[in-house]
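Participant: Fold the following for me, if possible:
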Amino acid sequence: AALFLLPGFDIFLFKTDADSVTQPEGTVIIHEGKSVLLYCTYDYSGSPVLYWYAQYPHEVPSLLLTQYGTSDEEEKRCRRGFSAKLEENSKSFHLEKNSSEVSDSAVYYCALRDTVSKATWELNKNLPD
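Facilitator: From the prediction side, this is the model:
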């Protein structure tokens, strides 16, 4: 049986004045081994500081990556193959991974300072090809 990653996006939007972060998708089905793209756009009047957090099953949320690149080995390990690039022109910080894995099933949060948006990934083993 084929395994699939089934991201079901629950969208939570918290606003502080005019500051916001959003993930616009509904449910998206991703085949294991295929690329992943989770959208995150923001509205912020100053210099944005963005983060992606992941909450794996039965764990507390942990920092996945920040907009600032680093050569730190611990952060590289925590990234688990994910990357994101801050695009100030389009006001986006999309999360990407070239090849999805079952172990990527988690809740993903895009955060802009004190705002947060959530995307839930669930594994479903019974979907047909």
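
Participant: Now do residue 68: how many residues are near it, please.
Facilitator: Residue 68 has 10 neighbours, counted by other CB atoms under 10 Å. All C-beta atoms are positioned from the backbone trio N, CA, C, and that covers glycine.

Participant: With residue 42 instead?
Facilitator: For residue 42, the number of neighbouring residues by other CB under 10 Å comes to 21.

Participant: Does it belong to a helix, a strand or coil?
Facilitator: For residue 42, the assignment made with DSSP: H, G, I helix; E, B strand; the rest coil gives strand.

Participant: Quick check: it vs residue 36, distance?
Facilitator: Distance, residue 42 to residue 36, by CB to CB, to the nearest Å: 20 Å.

Participant: got it, and residue 52?
Facilitator: Counting by CB to CB, the gap from residue 52 to residue 36 is 12 Å.

Participant: more crowded one of these two?
Facilitator: Set residue 52 next to residue 36 and count neighbours by other CB under 10 Å: residue 52 wins out with 23 against 20.

Participant: Check which element follows the lowest-mean-pLDDT helix or strand in the chain along the chain.
Facilitator: Every helix and strand in the chain was compared by mean pLDDT, DSSP states H and E; the lowest is strand 4-8, with a mean of 43. Counting by DSSP states H and E, the element after strand 4-8 in chain order, helix or strand, is strand 20-22.

Participant: Could you pull out the buried residues of that following strand?
Facilitator: 20-22 (16 or more other CB atoms under 10 Å).

Participant: what does stretch 34-50 give?
Facilitator: Going by 16+ other CB under 10 Å, stretch 34-50 has these buried residues: 36, 38-42, 44, 48, 50.

Participant: same thing with stretch 55-65?
Facilitator: Going by neighbour count (16+ other CB under 10 Å), the buried part of stretch 55-65 is 55, 61, 64-65.

Participant: quick one: which of the residues you listed sit in strands?
Facilitator: In this view, the buried residues of stretch 55-65 that belong to strands under DSSP state E are 55, 64-65.
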